[in-house]
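Student: turn this into a structure:
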Amino acid sequence: MVDHALVWPLVRALPDRQRAVVVLRYYEDLTAAQTADVLGCSVGTVKSQAHDALLALRRGLGGAPVGEVLER
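Tutor: As a prediction, the model looks like this:
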């Protein structure tokens, strides 16, 4: 299991849009549609930004399962 203290600095280092998507989807537990509405973008943009952000976070954690950490 990955410590939140390890993940948060990596989240903060993400580009603004990716960070917003990660916080809204996984911290605030919004759906992709709700996140898109908040950010004023399409659901596809939310999904692609989340995908890119999770890849970056996985790289930063050496391949650990980021989704499990963020969804707790």
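Student: helices of the chain, residue ranges please.
Tutor: Using DSSP state H, the helices of the chain run over 4-12, 16-22, 32-39, 43-60, 66-70.
Student: now the residue most central in space within the chain: closest residue in space, sequence neighbours ignored.
Tutor: Compute the mean C-alpha point of the chain, and by CA atoms, centre = their mean the closest residue is Val22, 2.4 Å away. Nearest non-adjacent residue to Val22, counting by CB to CB, 6 or more residues apart in numbering: Ala53, 5.0 Å away. In short, each C-beta sits where N, CA and C put it, glycine included.
Student: mind listing what that neighbour touches?
Tutor: By CB atoms under 8 Å, 6 or more residues apart in numbering, the contact list for Ala53 reads 14, 18-19, 21-22.
Student: neighbour-wise, which of the residues you listed leads?
Tutor: Val21 (29 neighbours; other CB atoms under 10 Å).
Student: distance of that one from Trp8?
Tutor: Look at Val21 and Trp8: by CB to CB, to the nearest Å, they are 16 Å apart.
Student: could you count how many residues lie near the residue lying closest to Gly60 once chain neighbours are set aside?
Tutor: Nearest in space to Gly60, with sequence neighbours left out and distances taken as CB to CB, 6+ apart, is Leu10 at 4.2 Å. By the measure other CB under 10 Å, the count of residues near Leu10 is 19.
Student: and if you look at Leu24?
Tutor: Leu24 has 21 neighbours, counted by other CB under 10 Å.
Student: sorry, back to before: which of the contacts of Ala53 lies closest to Ala32?
Tutor: Nearest to Ala32 among the contacts of Ala53: Val21, at 9.0 Å, using CB to CB.
Student: quick one, what contacts that closest one?
Tutor: Contacts of Val21 by CB under 8 Å, 6+ apart are 35, 39, 46, 49-50, 53.
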